[in-house]
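[1] below is the sequence, then the predicted model.
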Amino acid sequence: RKRAMGRGTGKKDGGNSGIGEKVVESMSVDGANELRKKLGLKPLKVISPEEKAARAAAEKAQKEKAIKAAADESKNQEIRDQLAQRKKKRLLNKKIKGKSLGDSLKKVTGGSAADWINRSRRIESQKSAAERYAELDAEEEAAYTTADLKGIKVQHDAKDFKEGQEIVLTLADKPILTGKYDDASLNDE
């Protein structure tokens, strides 16, 4: 091999000697190493083609090994995540003792979730019906005034009432057929 050493003394290119002329001298690596040895410098390393190929192969193997290690690490991380999930689920199941809500509902209601939904809807409709009837009753009670009660007789005497005692009053019936009110024939019709 030959390398250009730059400016120096020795053979001149061209044969013209003038000022500013560039002089190039070439020598082999072995010759350069001898010169460097004489000057007290460290010799140049000579790398053989086999050594270059071995270094390239080692570098390639190292890169492949790093890629494989990264892939293995990602697989290992996935496995660790799966194990952590399973452990968490196992611990939660351990904390939950007894029957689930669905199981307890089956015992109480004797059916499935659909049965529970139907039963809840039925109860809700019964509640809304009861509320509607209560509203209608309240409207009917509010509709009666003292004017509506004028002329109605009560079937009790004043002496039947005692202070502090509650009594349910019974209204006296009026005969429909005869139109006359008679205490003696009150229950005859």
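    Here it is on my side, so go on. Numbering: from 1, shown residues only.

[2] please identify which helix or strand holds the residue most central in space within the chain.
    With distances taken as C-alpha atoms, centre = their mean, Q85 lies nearest the centre of the chain, 14.3 Å away. Of the helices and strands defined by DSSP states H and E, Q85 is found in helix 49-95.

[3] can you give me how far that helix is from the chain middle?
    28 Å (C-alpha atoms, centre = their mean, to the nearest Å).

[4] packing partners for that helix?
    For helix 49-95, not one helix or strand is in contact under the criterion 3 or more C-beta pairs under 8 Å, 6 or more residues apart in numbering; DSSP states H and E. Yep, even glycine has a C-beta here, placed from its N, CA and C like the rest.

[5] quick one: contacts for the residue nearest to the centre of the chain?
    Under the criterion of C-beta atoms under 8 Å, 6 or more residues apart in numbering, the contact list for Q85 is empty.

[6] let me know the pLDDT of it.
    Looking at Q85, its pLDDT stands at 94.

[7] gap between it and I79?
    Going from Q85 to I79 by C-beta to C-beta, to the nearest Å gives 11 Å.

[8] all helices of this protein, in order?
    For the chain, applying DSSP state H gives helices covering 29-39, 49-95, 101-109, 113-143.

[9] can you put the ones you listed in CSV and add distance to T170?
    CSV is the format used below for the helices of the chain (distance: least, C-beta to C-beta, whole Å):
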stretch, distance to T170
helix 29-39, 136
helix 49-95, 65
helix 101-109, 45
helix 113-143, 18
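
[10] by mean pLDDT, show me the worst of these.
    Among the helices of the chain, helix 101-109 scores lowest, at a mean of 70.

[11] burial measure for V23, as a count.
    A count of neighbours around V23, defined by other C-beta atoms under 10 Å, yields 14.

[12] and what of the one 5 residues further on?
    Using other C-beta under 10 Å, S28 has 11 neighbouring residues.

[13] look up phi and psi at it.
    Per-residue torsions, S28: phi -80, psi 170 (degrees, to the nearest 10).

[14] measure it to L44 for me?
    The gap separating S28 from L44 is 11 Å, by C-beta to C-beta.

[15] and the helices of the chain: which comes nearest I167?
    Between I167 and these, the tightest spacing by C-beta to C-beta is seen for helix 113-143, at 19.4 Å.

[16] helices or strands next to the closest one in the packing?
    If contacts are counted by 3+ C-beta pairs under 8 Å, 6+ apart, helix 113-143 sits against helix 101-109.

[17] quick one: the residue lying closest to K106 once chain neighbours are set aside and S104, what's the gap?
    Leaving aside its sequence neighbours, K106 sits nearest to S112 (C-beta to C-beta, 6 or more residues apart in numbering; 7.2 Å). Distance, S112 to S104, by C-beta to C-beta: 13 Å.
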